[in-house]
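Peer 1: missing the sequence, but the structure's below:
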């Protein structure tokens with residue numbers, strides 16, 4: 001009976017994690033939220049009765065420790081999987097370049113993004129690490145973003161959302177630091193994973209946002225020709241969990257977007273989905289590709305100068 005803690009679980013991808021994991025009655029599913037009452041109301045409306053909630057903001061260390069005590073009481077002193085989903089993305093800079101932002105907005109968005117998306121994640125991991133150490137599964141997953149990849153930004157001129165993108169690039173390195181510090185020695189998987197482009201907006205979009213998303217969609221189409229629009233949070237969670245369940249310290253430990261590792265685009269059967277980013281060592285490509293759900297994946301692998309890439313072919 002594995003236990004899961006999902007941060008930022010009140011809406012979007014985090015709430016989709018609660019719904020998906022709670023569909024298996026053997027899971028112990030806990031959501032960390034800021035507004036417990038509102039999330040309880042939403043769960044009740046969806047007739048979900050087997051999810052437990054704890055209250056904390058990931059930038060509040062004291063609140064995190066109180067939440068950890070609650071989680072410990074629920075699980076008996078352990079935690080199997082921590083999913084770091086909580087974070088912020090400022091709408092003020094989401095579709096603007098760093099050149100376009102007024103100085104005060106630039107500074108505030110960078111500071112807020114770094115505090116939540118990097119420092120908050122570090123506080124969360126440190127707070128719940130004692131419980132993870134006592135768990136059986138021992139996995140710490142951090143949700144990243146395609147916007148964090150430097151090569152993608154350069155190649156396809158993805159110039160928007162600077163504060164958010166930089167903070168996600170920083171959290172990728174943070175994951176590697178945890179892997180180096182305790183992951184290998186203690187057999188704990190620390191992995192950063194990008195869910196691709198997911199439709200998580202639950203409010204009406206402004207004209208500026210619609211225009212910005214259209215421009216971004218054109219760039220993503222150039223990046224991934226099979227892309228025809230965002231995937232749903234539920235579908236994204238399902239695909240992420242397939243990767244997480246198979247992941248080990250040996251194959252994915254410290255996985256971040258880094259040039260000297262292989263970037264594998266996992267599109268799965270749904271052609272609308274942006275690539276799901278994970279990292280594997282080149283020598284492990286054949287074994288890992290063969291567990292993913294398409295029959296001819298290895299035949300579609302092209303080796304160039306000792307590196308491997310995956311050709312997205314028609315049968316996917």
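Peer 2: In hand now; what should we look at? Computed from a predicted model, the values in this text were never measured in an experiment.

Peer 1: can you give me the helices in the stretch 101-250 of the chain?
Peer 2: Assigned by DSSP state H, counting those that start in this stretch, the helices in the stretch 101-250 of the chain fall at 103-114, 120-133, 150-156, 162-178, 184-186, 207-223, 233-246, 249-252.

Peer 1: Let me have the ones you listed in JSON lines, adding mean pLDDT, distance to residue 47 and mean neighbour count as columns.
Peer 2: For glycine as for every other residue, the C-beta is placed from the backbone atoms N, C-alpha and C. Formatted as JSON lines, these follow (pLDDT from 0 to 100; distance: least, Cβ to Cβ, whole Å; neighbours: other Cβ atoms under 10 Å):
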{"stretch": "helix 103-114", "mean pLDDT": "97", "distance to residue 47": "36", "mean neighbour count": "16"}
{"stretch": "helix 120-133", "mean pLDDT": "99", "distance to residue 47": "29", "mean neighbour count": "20"}
{"stretch": "helix 150-156", "mean pLDDT": "85", "distance to residue 47": "40", "mean neighbour count": "14"}
{"stretch": "helix 162-178", "mean pLDDT": "95", "distance to residue 47": "34", "mean neighbour count": "22"}
{"stretch": "helix 184-186", "mean pLDDT": "97", "distance to residue 47": "39", "mean neighbour count": "12"}
{"stretch": "helix 207-223", "mean pLDDT": "65", "distance to residue 47": "32", "mean neighbour count": "15"}
{"stretch": "helix 233-246", "mean pLDDT": "88", "distance to residue 47": "16", "mean neighbour count": "19"}
{"stretch": "helix 249-252", "mean pLDDT": "90", "distance to residue 47": "35", "mean neighbour count": "18"}
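
Peer 1: and of these, who's closest to residue 56?
Peer 2: Residue 56 sits nearest to helix 120-133 of all the helices of the stretch 101-250 of the chain, at 8.6 Å, using Cβ to Cβ.

Peer 1: Excluding chain neighbours, what is closest to residue 114?
Peer 2: Of all residues not flanking residue 114 in the chain, residue 167 sits nearest, at 5.2 Å (Cβ to Cβ, 6 or more residues apart in numbering).

Peer 1: roughly how far apart are that neighbour and residue 153?
Peer 2: 14 Å (Cβ to Cβ, to the nearest Å).

Peer 1: Give me the contact list for stretch 104-117.
Peer 2: With contact meaning Cβ atoms under 8 Å, 6 or more residues apart in numbering, stretch 104-117 is reached by 58-59, 86-90, 92-93, 98, 101, 162-164, 166-168, 170-171.

Peer 1: Tell me where the stretch 1-150 of the chain has strands.
Peer 2: 3-7, 28-33, 51-55, 81-84, 139-143 (DSSP state E, counting those that start in this stretch).

Peer 1: Using TSV, please lay out those together with mean neighbour count.
Peer 2: Output for the strands of the stretch 1-150 of the chain, formatted as TSV (neighbours: other Cβ atoms under 10 Å):
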stretch	mean neighbour count
strand 3-7	27
strand 28-33	26
strand 51-55	20
strand 81-84	26
strand 139-143	25
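
Peer 1: Output those strands in TSV; the columns should cover mean pLDDT and distance to residue 109.
Peer 2: Listed next are these as TSV, based on pLDDT from 0 to 100; distance: least, Cβ to Cβ, whole Å:
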stretch	mean pLDDT	distance to residue 109
strand 3-7	99	21
strand 28-33	99	23
strand 51-55	98	26
strand 81-84	98	20
strand 139-143	96	19
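
Peer 1: residues contacting the residue nearest to residue 114?
Peer 2: 87, 110, 113, 114, 116, 117, 118.

Peer 1: And the fourth one, how far from residue 62?
Peer 2: Residue 114 is 20 Å from residue 62, where distance means Cβ to Cβ.

Peer 1: how about the contacts of residue 167, which pair is most distant?
Peer 2: The distance between the two most remote of the contacts of residue 167 (Cβ to Cβ) is 14.0 Å, for 87 and 110.

Peer 1: unless I'm mixing things up, residue 247 is touching residue 138, no?
Peer 2: No. In this structure, residue 247 is not within contact of residue 138 by Cβ atoms under 8 Å, at 11.2 Å.

Peer 1: what do these two both touch?
Peer 2: With Cβ under 8 Å, 6+ apart, residue 247 and residue 138 have common neighbours residue 189.

Peer 1: re the thing from before, among the helices of the stretch 101-250 of the chain, which comes closest to residue 71?
Peer 2: helix 120-133 (6.4 Å).

Peer 1: and for that closest one, what are the contacting residues?
Peer 2: 5, 7, 57-59, 61, 64-65, 67-68, 71-72, 75, 77-80, 82, 84, 86-87, 138-140, 142, 171, 174, 178, 182, 186, 188.

Peer 1: what's the angle from that helix to strand 28-33?
Peer 2: 160 degrees (axes from the mean of the first three to the mean of the last three Cα atoms, to 10 degrees).

Peer 1: Distance from the chain centre to helix 120-133, please.
Peer 2: For helix 120-133, the separation from the chain centroid amounts to 16 Å (computed by Cα atoms, centre = their mean, to the nearest Å).
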